[in-house]
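1. Structure for the following, please:
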Amino acid sequence: MFVHKMTERVWQLPAVHWNRRLFDALIPLPDGTSYNAYYIKGSEKRVLIDAVEPALEQGFLEALAGMPAVDYIISNHAEQDHSGTLPKLLERYPGARILATPKAKPMLVNLLHLPEGAIQTVEDGETLSLGDVTLEFLHMPWVHWPETMATYLREEKILFSCDFFGSHLATSSLYVPDEWQAYEAAKRYYAEIMMPFARHIRKHLERLAGYDISVIAPSHGPAYNRPAFILDAYREWVLGEPKNIALIPYVTMHGSTEIMAHRLADSLVAKGVNAQLFDLASMDIGKLAIAMVDAGSIILGVPTVETSPHPYGVFGAVLINALRPKAKYFSIFGSYLWGTKAVNTIQSLVTNLSAQFIEPVYVRGLPRKEDLEALDRMAEQIAQGHRAAGLR
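-> Numbering: from 1, shown residues only. Got it, this is the predicted structure:
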């Protein structure tokens with residue numbers, strides 16, 4: 001494990017997981033990931049900010065061997081990829097105190113069985129002097145858990161943001177090596193993890209506007225020595241209007257729903273809407289999540305299995321509901337034969353959406369001419385809605 005010197009007082013200790021391809025048994029990691037910890041050497045006190053994934057603890061502990069003693073360990077976020085090595089750190093530094101938010105303390109106790117006496121809580125805006133430098137703790141709940149915070153090093157103008165502004169990107173570079181690659185990785189990370197909490201992130205972005213930040217140092221992916229790059233991206237993703245894009249995630253069994261998906265896409269394109277198809281049975285769900293950030297409409301294609309929606313369609317609905325995209329329109333299409341509860345079931349699974357629901361097109365068997373014409377009418381309604389909303 002290598003160590004990056006950021007300033008005369010600050011070092012980054014990145015545990016790079018080059019070959020990890022799945023996170024939380026759910027999220028694809030096409031580019032691997034990293035878990036960054038940071039060491040700060042003040043004139044009087046030494047601090048370690050965050051820890052790393054337990055699977056990489058050996059290299060992390062070896063890298064720490066070259067650092068002086070640790071007085072405080074700051075836990076910005078209790079999730080185990082950032083806290084999992086805390087028990088080992090307490091063994092190595094028995095006199096160190098863990099600093100965390102009041103909501104984080106019971107989480108750390110329950111997740112890691114840490115002794116309560118080892119954890120000291122810090123309030124929002126509280127400061128800690130390390131002698132010649134000062135840390136400020138900024139509570140930032142729901143990015144993406146309720147207990148999270150960021151830590152700001154005033155004199156160096158560095159924001160240690162943990163998951164906020166992170167990216168699942170394995171790299172040996174301290175700072176963003178390629179802004180196009182970093183943008184794609186950060187947008188995927190935002191879509192999969194942060195998008196459900198956009199209204200909370202909006203408030204945190206407003207707060208950070210009052211801080212002079214020279215570097216944003218997240219706990220996943222490279223740091224940003226041009227903070228405007230990631231701040232501007234987040235403002236667009238959180239505050240920007242959706243675009244003139246219609247997503248069509250679908251699954252098909254014997255071809256009927258696929259025929260409908262392609263007819264709908266062709267009709268949308270003919271009416272000036274950018275249509276994007278996603279096969280739920282084979283796609284990278286991260287690609288769909290990224291597309292949801294900008295989508296003006298989402299139309300889910302789901303056939304019936306016996307009388308219920310196809311399981312991949314249910315998964316698609318649950319995913320859409322969980323990520324809470326800002327799409328303005330939502331609908332359903334698909335086919336059945338002898339009976340179906342698919343439409344009602346899917347509708348019950350997307351209650352988090354604020355999108356307008358368009359009358360579904362659900363047909364018996366192979367779609368007929370009138371069924372395809374109904375899809376054309378759906379496409380026209382979506383196109384008119386996008387035009388009325390000024391989506392581009």
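
2. Give me the contacts around the helix or strand containing F60.
-> Using DSSP states H and E, F60 falls within helix 57-64. Applying C-beta atoms under 8 Å, 6 or more residues apart in numbering, the external contacts of helix 57-64 come out as 1-3, 13, 15, 37, 39, 48, 51-52, 70, 84-85, 88, 92. The way it works is simple: take the backbone N, C-alpha and C, and place the C-beta from them, glycine included.

3. I figured K243 hits M292, correct?
-> No. Between K243 and M292 there is no contact under C-beta atoms under 8 Å: 11.3 Å.

4. The two - which one has more neighbours?
-> A side-by-side neighbour count of K243 and M292, using other C-beta atoms under 10 Å, places M292 first with 23 against 16.

5. Count the residues that sit near the nearest residue to the more buried one once chain neighbours are set aside.
-> What sits nearest to M292 in space, not counting adjacent residues and going by C-beta to C-beta, 6 or more residues apart in numbering, is P325, at 3.9 Å. P325 is flanked by 26 other residues according to other C-beta under 10 Å.

6. so who does the closest residue to F23 other than its chain neighbours touch?
-> In space, F23 comes closest to L29 once its chain neighbours are excluded; the distance is 5.6 Å by C-beta to C-beta, 6+ apart. Listed by C-beta under 8 Å, 6+ apart, the contact set of L29 reads 17, 20-23, 168.

7. Look up how far A170 lies from L29.
-> 8 Å (C-beta to C-beta, to the nearest Å).

8. So for those two, which residues contact both of them?
-> Common neighbours of L29 and A170 (C-beta under 8 Å, 6+ apart) are 17, 20.

9. now A228, what's its secondary structure?
-> helix (DSSP: H, G, I helix; E, B strand; the rest coil).

10. re the thing from before, pick the one among the contacts of helix 57-64 closest to Q347.
-> G84 (39.5 Å; C-beta to C-beta).

11. so that closest one sits right up against A37, yeah?
-> No. Taking C-beta under 8 Å as the definition, G84 is not a contact partner of A37, at 11.6 Å.

12. quick one: L159 is in a helix?
-> No. Counting by three-state DSSP, L159 is not found in a helix; it is strand.

13. wait, what's in contact with it?
-> Per C-beta under 8 Å, 6+ apart, neighbours of L159: 150-153, 208, 211, 213, 215-217, 227.

14. what about burial for the residues you listed, which qualify?
-> Buried residues within the contacts of L159, counting neighbours by 16 or more other C-beta atoms under 10 Å: 150-153, 208, 213, 215-217, 227.

15. Would you point out the most distant pair within the residues you listed?
-> In terms of C-beta to C-beta, these reach their longest pairwise distance at T151 and P227, which sit 15.4 Å apart.

16. quick check: domain ranges of this protein?
-> When the chain is parsed with automatic domain parsing, its domains come out as 4-239, 245-383.

17. Need the ones you listed in CSV (columns: mean pLDDT and distance to R392).
-> Below are the domains of the chain laid out as CSV (pLDDT from 0 to 100; distance: least, C-beta to C-beta, whole Å):
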stretch, mean pLDDT, distance to R392
domain 4-239, 96, 13
domain 245-383, 97, 9
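
18. before we move on, the earlier item: among the contacts of L159, which one sits closest to M283?
-> I216 (30.9 Å).

19. That closest one should be in a strand, yeah?
-> Yes. In this structure, I216 lies within a strand as judged by three-state DSSP.
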